[in-house]
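A.B. asks: I need the structure of the sequence given here:
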Amino acid sequence: MSERPHSTAAEIGALVRAEIGAVSLQAVYDALATLTDKGIIRRIEPAGSPARYEDRVGDNHHHLICRTCGRMVDVDCAVGFAPCLTAVDDSGYEIDEAEVVYWGRCPDCVAAANHQPNETVS
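C.D. replies: Just a heads-up that it's a prediction; the model follows:
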């Protein structure tokens, strides 16, 4: 999983089938659920995207997602004092984690959009 962070269950299933042969997608989901429950992997659920899984756990990192190609990369939370854990109104909750997703376009998609030929209007 370290070689392919932020994989979907379908992508993980394809990798497992290539490695060991037949395995059901349900078996993959069951294994991912168990690994998530045990804290071995982390489930990420970005809006409009299937759930993704990563093995970077135990820190409060966040993610950048490209709106164009869907590429996702990790971004570290502030070092030391974690401002993302200080809510304006915590409603009495004891906050121990924050999930922040930054959306935009990755450098490759920005470059591709900037190199599109201009269309002429007749």
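A.B. asks: low pLDDT regions in the protein?
C.D. replies: Low-confidence segments of the chain (pLDDT under 70): 1-2, 78-84, 118-122.
A.B. asks: Okay, helices next: where are they in it?
C.D. replies: Secondary structure of the chain, counting by DSSP state H: helices at 9-20, 25-37, 107-114.
A.B. asks: Mind putting those into CSV with mean neighbour count and distance to Val88?
C.D. replies: (C-beta placed from N, C-alpha, C; glycine too.) Shown next, in CSV, are the helices of the chain (neighbours: other CB atoms under 10 Å; distance: least, CB to CB, whole Å):
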stretch, mean neighbour count, distance to Val88
helix 9-20, 14, 35
helix 25-37, 14, 30
helix 107-114, 11, 33
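A.B. asks: can I get those in TSV with distance to Leu64?
C.D. replies: As requested, the helices of the chain are arranged in TSV below (distance: least, CB to CB, whole Å):
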stretch	distance to Leu64
helix 9-20	19
helix 25-37	22
helix 107-114	11
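A.B. asks: Which of these sits closest to Arg67?
C.D. replies: helix 107-114 (8.0 Å; CB to CB).
A.B. asks: thinking again about what came up before, so which of the helices of the chain is nearest Cys69?
C.D. replies: The closest of the helices of the chain to Cys69 is helix 107-114. By CB to CB, the value is 5.5 Å.
A.B. asks: Check the offset of that closest one from the chain's centre.
C.D. replies: Its chain's C-alpha centre and that of helix 107-114 lie 21 Å apart, by CA atoms, centre = their mean, to the nearest Å.
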